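Q: my questions are about this predicted structure, shown below with the sequence.
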Amino acid sequence: MTKTLLILLILTVGIGLNACNDKGKTPAKKVVENSKKSSWFNYDSSFTVNDTIFLYRDEIAGTSQAVFFDENRNSTFYDDLKVSNADLSEDESYRFSINNLKENNLKLIKQKPIIPDTKWVVLKQYKGQFYAYKVCDFYHQYQISINDSTYIEWTGEGPEANQIETQKKIDKNTYEYTLHGVMNKTQKIRIHIIDNERGIAVFESVHPEYNENNFFLMIASDKVKTVPIIVNNCKTSKQSEVPFEKPDYKALLKTEK
């Protein structure tokens, strides 16, 4: 039995025991009622069961999903966010991207990464606070790895290598990369470190041809335990991901530490 299943079993047993000891009251029913109120369109209505704070909890027709806060910085759920250090040479998605670079005569030139943290995972905001997020379906997980010649994006399709054409340090907390790859023939990424201690950064995808650039929050993978984690645990079937709030990136870019 895995630790995840064991945790869910303990929670289920705990709820059952409380139901027997609470003078006829039925907390389990209250959980179902609260989970209905805590829809994906109004997930602020969090509730507590056995000291665990849930955003959503439901068990219907053989499926099971629980979205909850995990404040334990040694939680095994953090392990699910680790960027793989495995040899990528046998990965089909990676080989395809490397072959594409070769076909377009894009040579990989080795150079030491100028950025201190080279592995990144997605960071979310809930009520203004930062959280790591363990997805329900790993197809929706996004990670980044920067090595001496490639900028690798890990998606549900697998790792994709982008050639690093240039890298430069703009100021003490800002780095810029010019990349070439399969999905984006040419792209420019700026990494704004807004909190060095916790390894939090705003990634900016620069699009000169459009009026707006795209922004997303990331955290260095070896510092991910500096923030609590929200777990979307769906043990029997794929379920919806949590629709987190959109961060105020302009405000975040003014908070560098």
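A: All right, it came through fine.
Q: helices and strands around the helix or strand where residue 201 lies, which ones?
A: Element membership of residue 201 [criterion: DSSP states H and E] is strand 200-206. Here strand 200-206 touches strand 119-126, strand 187-195, strand 214-220, going by 3 or more C-beta pairs under 8 Å, 6 or more residues apart in numbering; DSSP states H and E. Any C-beta I mention is one placed from the backbone N, CA and C, and that applies to glycine too.
Q: distance to residue 75, mean neighbour count and mean pLDDT for those strands - can I get that in CSV?
A: Formatted as CSV, those follow (distance: least, C-beta to C-beta, whole Å; neighbours: other C-beta atoms under 10 Å; pLDDT from 0 to 100):
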stretch, distance to residue 75, mean neighbour count, mean pLDDT
strand 119-126, 15, 21, 96
strand 187-195, 21, 19, 96
strand 214-220, 15, 19, 96
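Q: could the ones you listed be laid out in TSV, adding distance to residue 58?
A: Formatted as TSV, the helices and strands packed on strand 200-206 follow (distance: least, C-beta to C-beta, whole Å):
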stretch	distance to residue 58
strand 119-126	19
strand 187-195	34
strand 214-220	27
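Q: and the spatially most central residue of the chain, bridged to which residues?
A: Nearest to the mean C-alpha position of the chain, by C-alpha atoms, centre = their mean, lies residue 122 at 3.3 Å. Beta bridges link residue 122 to residue 218 when assigned by DSSP bridges.
Q: who's in contact with residue 176?
A: Listed by C-beta atoms under 8 Å, 6 or more residues apart in numbering, the contact partners of residue 176 are 166, 167, 168, 169, 170, 188, 189, 190, 191.
Q: er, residue 206 I mean
A: 187, 188, 189, 190, 213.
Q: give me that answer again for 6 Å
A: Residue 206 makes contact with 188, 213, according to C-beta atoms under 6 Å, 6 or more residues apart in numbering.
Q: from residue 151, how far out is it?
A: Note on residue 206: its distance to residue 151, by C-beta to C-beta, to the nearest Å, is 14 Å.
Q: and stretch 85-104, how far out from the chain middle?
A: The chain centre lies 23 Å from the centre of stretch 85-104; the measure is C-alpha atoms, centre = their mean, to the nearest Å.
Q: and the strand holding residue 201, which residues are buried?
A: Judged by neighbour count (16 or more other C-beta atoms under 10 Å), strand 200-206 contains these buried residues: 200, 201, 202, 203, 204.
Q: for the stretch 1-150 of the chain, what spans make up the helices?
A: Assigned by DSSP state H, counting those that start in this stretch, the stretch 1-150 of the chain shows helices spanning 3-21, 27-37, 92-103.
Q: comparing these by mean pLDDT, which bottoms out?
A: With a mean of 35, helix 3-21 has the lowest mean pLDDT of the helices of the stretch 1-150 of the chain.
Q: ok, residue 225 - how many residues close by?
A: Counted with other C-beta atoms under 10 Å, residues neighbouring residue 225 total 17.
Q: separation between the nearest residue to it once chain neighbours are set aside and residue 198?
A: Of all residues beyond its chain neighbours, the one nearest residue 225 is residue 73 (4.7 Å), with distances taken as C-beta to C-beta, 6 or more residues apart in numbering. Residue 73 sits 12 Å away from residue 198, taking C-beta to C-beta as the criterion.
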